[in-house]
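> coords please:
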Amino acid sequence: MKLLIYPELSEHDVGRIREAFPELTILCPRSEGEALAYIVDADVFYGRITLSLFMTAQRLKWVQADCIGLENYLFPELVESDIAVTNVRGVFSDHIANQVWAYILSFARDLPYYMRRQIAHDWRPGGRIVHLAECTIGIVGLGGIGREVAVRAPGFDCRVIAVDPRPQMPPEPVEAVWPPERLHDLLSLSDFVVICAPHAPGTERMFSTAEFAAMKPSAFLINIGRGVIVDLNALTQALHERRIAGAALDVYEMEPLPADHPLWDVENVILTPHIAGHGPYVQDRRIEVFIENMKRFIKGEPMWTVVDKNQWF
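Residues are numbered from 1 along each chain as shown. Sure thing, here's the model as predicted:
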């Protein structure tokens, strides 16, 4: 069996795969030209496949992506094929959930206000404090990241509700899981709305003027899902008009966020440059997911992280 890895991995990562599967022929091209030559008779692909590579493959049975969101890689030819696709969901969940709670705590203690005071050398107190034990956290998308956000809530005595298109047994802190049709019900009840949804055919601009109007004026929006879920112009207007209390974004409709975008200067907004998933062990976890999936693939067993290609996750 032949495994093609592209873009190339570190010697350490390839060594872990080789140690786990000494019988594999592992191909590590250094350019797409080399990859095009190697993929002709490869059985498995690890990395970020392109249409050219896919169309050149003749024996390919499975693609292991090195990321979670696949909207940029699931081109129609791959979706319509019988080739299995897996991702690495789960490898970032704890880091991203911690980032979400950093945002929540920052807003609850009004740290954006005090950071501005610090820059101005201004001692004045006066920030607005939120009592978390009286708050409801509304989670949009109760996958791996959403669940990690939820299980941290009891430490702050918060109520948790969620919407998700695939209702399943929620973790204990979640009081209710509703279908997406009840999004506005969730928005009307939540003090912090946390978007953990993926980019999928049904989530583009899920949040726009009507959704911000449905939120409490005292509520905060947090987006660590995908940038295209939130209409930035509508969000900026809602913040300027004080229809919501604030927002924290790690992902954006356009990345990087242009230096002249008005969101940079809106008070009570926290902007981070798509780094919520950064943290130790992420690459090791990617390799662990692949090794487990490969074990199952060889045995003909269901793999861990199979993607619904039509839904992009």
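> and residue 1, how many neighbours does it have?
15 (other Cβ atoms under 10 Å). Just so you know, the C-beta spots here come from the backbone N, C-alpha and C atoms, and that holds for glycine as well.
> which residues does the closest residue to it other than its chain neighbours contact?
With sequence-adjacent residues excluded and distances taken as Cβ to Cβ, 6 or more residues apart in numbering, residue 1 is closest to residue 43, at 4.9 Å. Contact analysis of residue 43 by Cβ atoms under 8 Å, 6 or more residues apart in numbering lists 1, 2, 3, 59, 60, 61, 62.
> give me the pLDDT for the last one.
What that stands for is residue 62. pLDDT for residue 62: 98.
> what's opposite it in the beta bridge?
With DSSP bridges as the criterion, residue 62 is bridged to residue 44, residue 84.
> burial of it, as a residue count?
18.
> against residue 303, how distant is it?
Separation of residue 62 from residue 303 (Cβ to Cβ, to the nearest Å): 8 Å.
> do the same with the second one
When Cβ to Cβ is applied, the distance between residue 2 and residue 303 equals 18 Å.
> residues contacting residue 197?
Per Cβ under 8 Å, 6+ apart, neighbours of residue 197: 140, 141, 203, 206, 225, 226, 229.
> so the second one sits right up against residue 177, yeah?
Going back to what we said before, that points to residue 141. No - at 10.7 Å, residue 141 does not count as touching residue 177 under the criterion of Cβ atoms under 8 Å.
> quickly list what's touching both of the two.
162, 163, 164.
> ranking those by neighbours, who comes first?
Going by other Cβ under 10 Å, residue 162 tops these with 26 neighbours.
> circling back to that earlier point, common neighbours of residue 62 and residue 303, please.
Common neighbours of residue 62 and residue 303 (Cβ under 8 Å, 6+ apart) are 84, 86, 297.
> for the helix or strand containing the last one, the distance to its chain's centre please.
Going back to what we said before, that points to residue 297. Using DSSP states H and E, residue 297 sits in helix 282-299. Computed by Cα atoms, centre = their mean, to the nearest Å, the chain-centroid distance of helix 282-299 equals 20 Å.
> buried set for that helix?
Of all the residues in helix 282-299, those buried under the rule 16 or more other Cβ atoms under 10 Å are 285, 286, 287, 288, 289, 290, 293, 294, 297.
> one more: stretch 268-284?
268, 269, 270, 276, 277.
> also stretch 206-217?
Of all the residues in stretch 206-217, those buried under the rule 16+ other Cβ under 10 Å are 206, 207, 208, 211, 212, 214, 215, 216.
> how about the first one: what's its closest non-neighbour residue?
Of all residues beyond its chain neighbours, the one nearest residue 206 is residue 229 (5.0 Å), with distances taken as Cβ to Cβ, 6+ apart.
> which ones are touching residue 303?
Contacts of residue 303 by Cβ under 8 Å, 6+ apart are 62, 84, 86, 292, 293, 296, 297.
> surely the fifth one is in contact with residue 64?
I take that to be residue 293. Yes - contact criterion Cβ under 8 Å: residue 293 and residue 64 qualify, at 6.2 Å.
> shared neighbours of the two, which are they?
With Cβ under 8 Å, 6+ apart as the test, residue 293 and residue 64 both reach residue 86.
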